[in-house]
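# Take a look and give me a structure for this.
(one chain, ligands or ions: 3)
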Amino acid sequence: MDLLSKLEQNGARKCVACGRCTFACPASQIGGEFSPRGLVERMILEDKIPPEKEIWLCMTCKQCTQICQFGVSFHELVREVRPTLLTSLPPEENHGGIPRVLERLSAVRKIRPSRQRWITSGIDIDQSSDTLFYVGCTPYFDVIFRYLRQDLLEMPRSAIRLLNACGIAPRVLMHERCCGHDSYWLGDVETFQRLAFLNVEALERSGVREILTFCPECMITWKQLYPKMVGKLSFDVRSVTEVVAKAIEEGILRLERNEEVYTFQDPCRLGRHSGVYEPPRQLIRSIGRLVEMPRSREMAACCGNSSFVNCNAMTRQWQLQRGKEALASGADRLLTACPKCLIHLTCGLAEGWVSMERRSIRIDDLYVIAASRLSKKA
Ligand code: SF4
Ligand code: SF4
Ligand code: SF4
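Ligands and ions are numbered 1, 2, ... in the order given. Predicted coordinates for the structure are as follows:
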């Protein structure tokens with residue numbers, strides 16, 4: 001597809017240069033020259049993709065698309081032009097490129113990844129269940145980012161404990177591959193296609209009727225991106241937060257409540273990309289008091305990084321701003337429900353704490369905190 005068609009398809013030619021997207025964009029707010037409005041204008045006027053690295057600064061957080069009143073889907077436009085630049089002008093990969101290498105290796109048919117190390121006693125798995133728990137890359141993140149957090153594997157374990165308490169013992173895949181989320185958004189079409197076909201093939205004829213994920217990136221990949229690539233899938237996809245919130249609502253599950261005050265970091269892929277805002281809040285309200293940050297729900301600020309590329313001093317500044325906003329909310333804890341939000345914010349905020357004027361706020365994962373409140377009687 002040529003650039004003109006991409007601009008047309010994503011509504012960019014309807015842009016009136018109002019600048020609302022640039023005003024809302026995290027990459028623009030933290031300084032530098034990046035501007036979604038400016039990029040749209042340049043692509044239209046020059047009829048070419050700007051030959052600078054700017055296109056990689058976008059975190060595909062969808063804030064610009066959310067706020068645009070003229071239907072411009074800038075985050076999709078960015079994704080569509082990236083394949084053209086991936087080889088000639090690649091992004092700066094963080095962590096020695098290891099997360100990306102693991103994703104590409106996962107796309108090799110002959111390789112059969114083994115990620116069950118996270119499964120321990122005390123969680124019920126039933127390999128004959130028609131509900132699959134897709135764990136995603138957190139077992140790999142545990143190896144790469146253990147220096148930041150030692151509790152990363154507690155996220156899938158806690159999600160399963162909550163599901164068990166709702167009466168669900170899901171199955172897991174013995175040789176699960178990465179979903180390919182980052183390849184998709186970075187424009188590595190070949191790796192994404194391979195992963196989409198290998199993953200869907202692994203589930204065909206398996207009898208799985210539903211996939212549950214605790215990682216919002218896995219959720220949008222299975223729910224929204226694979227159907228675009230391989231056609232309609234024969235199973236539903238839900239976030240574990242949706243299942244648990246429903247069980248709480250129906251009185252199937254009860255969590256112990258205390259006086260702790262929480263605020264919530266809406267992960268872009270759970271919130272703006274999937275529209276799941278209320279279920280995590282229902283979980284939080286069932287364990288304590290929820291206070292909102294000024295930028296929440298549809299207008300939530302991104303965690304400051306996407307796909308482990310282009311992390312720099314300015315994105316750190318953004319994370320610090322977000323930490324201060326959480327602190328100012330009066331909450332004792334900032335909760336999120338995404339392994340990457342947890343990793344990036346923990347990294348950006350001095351190992352999970354923000355302290356100011358003798359106050360501090362701790363960053364944690366919603367599933368881990370909620371599972372620690374499972375009622376003994378549940
Ligand atoms: S908000 Fe929409 S119309 Fe306004 S400058 Fe951005 S893309 Fe153009
Ligand atoms: S998707 Fe997010 S980071 Fe990218 S241009 Fe839009 S608002 Fe900025
Ligand atoms: S913020 Fe995220 S991408 Fe940046 S160094 Fe920390 S963990 Fe890596």
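# Not counting sequence-adjacent ones, nearest residue to the residue of the stretch 101-250 of the chain at minimum distance from ligand 1?
Across the stretch 101-250 of the chain, no residue is closer to ligand 1 than residue 185, which sits at 18.9 Å (Cβ to the nearest ligand atom). The C-beta positions use only the backbone N, C-alpha and C, and glycine is treated the same way. Nearest residue to residue 185, sequence neighbours excluded (Cβ to Cβ, 6 or more residues apart in numbering): residue 60, at 4.9 Å.
# before we move on, what about residue 298?
When the adjacent residues along the chain are set aside, residue 298 lies closest to residue 66, with 5.7 Å between them (Cβ to Cβ, 6+ apart).
# can you tell me the helix or strand for the residue nearest to residue 185?
Assigned by DSSP states H and E, residue 60 belongs to no helix or strand.
# Touching, it and residue 309? I think so.
No - under the contact definition of Cβ atoms under 8 Å, residue 60 does not touch residue 309, with a separation of 10.9 Å.
# if I read this right, residue 39 contacts residue 54, doesn't it?
Yes - here residue 39 reaches residue 54: they are 6.8 Å apart, a contact under Cβ under 8 Å.
# more neighbours, the two?
Neighbours of residue 39 and residue 54, each counted by other Cβ atoms under 10 Å, are more numerous for residue 39; the result is 24 against 19.
# Could you report the neighbour count for residue 89?
Around residue 89 there are 16 other residues, counting by other Cβ under 10 Å.
# quick one: contacts for it?
The contact partners of residue 89, by Cβ atoms under 8 Å, 6 or more residues apart in numbering, come to 51, 52, 53.
# wait, is the first one part of a strand?
No - the assignment for residue 51 is coil, going by DSSP: H, G, I helix; E, B strand; the rest coil, so no strand is present there.
# neighbours around it, how many?
Residue 51: 11 surrounding residues under other Cβ under 10 Å.
# same question, the second one
With neighbours defined by other Cβ under 10 Å, the count for residue 52 comes to 14.
# so what's it closest to, chain neighbours aside?
Residue 52 sits nearest to residue 89 (Cβ to Cβ, 6+ apart), 7.8 Å away.
# same deal with the last one?
Here the nearest residue to residue 53 in space, its sequence neighbours aside, is residue 89; by Cβ to Cβ, 6+ apart that works out to 6.0 Å.
# hang on, that neighbour is in a helix, isn't it?
No - according to three-state DSSP, residue 89 belongs to no helix; its state is coil.
# how close does it get to ligand 2?
17 Å (Cβ to the nearest ligand atom, to the nearest Å).
# Repeat that for residue 340.
According to Cβ to the nearest ligand atom, residue 340 and ligand 2 sit 15 Å apart.
# Also residue 10?
12 Å.
# tell me the contacts of residue 261?
Taking Cβ under 8 Å, 6+ apart as the criterion, residue 261 is in contact with 288, 289, 290, 291, 330, 331, 332, 333.
# Mark which of these are part of strands, please.
289, 290, 333 (DSSP state E).
# Just the pLDDT for the closest residue to the first one other than its chain neighbours.
Counting by Cβ to Cβ, 6+ apart, residue 261 is the residue found nearest to residue 289 once chain neighbours are left out, at 4.8 Å. Per-residue confidence (pLDDT) for residue 261: 97.
# what's around residue 289, how many residues?
Neighbour count for residue 289, taken as other Cβ under 10 Å: 16.
# who touches it in this structure?
For residue 289, the set of contacting residues under the criterion of Cβ under 8 Å, 6+ apart consists of 259, 260, 261, 262.
# do that again at 10 Å, thanks
257, 258, 259, 260, 261, 262, 263, 330, 331, 332 (Cβ atoms under 10 Å, 6 or more residues apart in numbering).
# In TSV: these, plus distance to ligand 1.
Converted to TSV, these look like this (distance: Cβ to the nearest ligand atom, whole Å):
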residue	distance to ligand 1
257	42
258	43
259	42
260	39
261	35
262	32
263	28
330	32
331	31
332	36
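# Low-confidence stretches in the stretch 101-250 of the chain?
When residues are selected by pLDDT under 70, none of them lie in the stretch 101-250 of the chain.
# Show me where it has its helices.
When assigned using DSSP state H, counting those that start in this stretch, the helices of the stretch 101-250 of the chain occupy the ranges 138-144, 154-165, 181-186, 189-203, 216-220, 226-230, 240-249.
# Tell me which of those approaches residue 121 most closely.
Between residue 121 and the helices of the stretch 101-250 of the chain, the shortest gap by Cβ to Cβ is with helix 154-165, which sits at 10.4 Å.
# Which other helices and strands does the closest one contact?
Helix 154-165 sits against strand 131-134, helix 138-144, strand 210-213, helix 240-249, helix 339-348, strand 359-365, helix 366-371, with contacts defined as 3 or more Cβ pairs under 10 Å, 6 or more residues apart in numbering; DSSP states H and E.
# Start and end of stretch 177-193, how far apart?
End-to-end distance of stretch 177-193: 13 Å, with Cα to Cα, to the nearest Å as the criterion.
# May I have the phi/psi pair for residue 168?
Comment: the main-chain dihedrals of residue 168 come out as phi -110, psi 120, following degrees, to the nearest 10.
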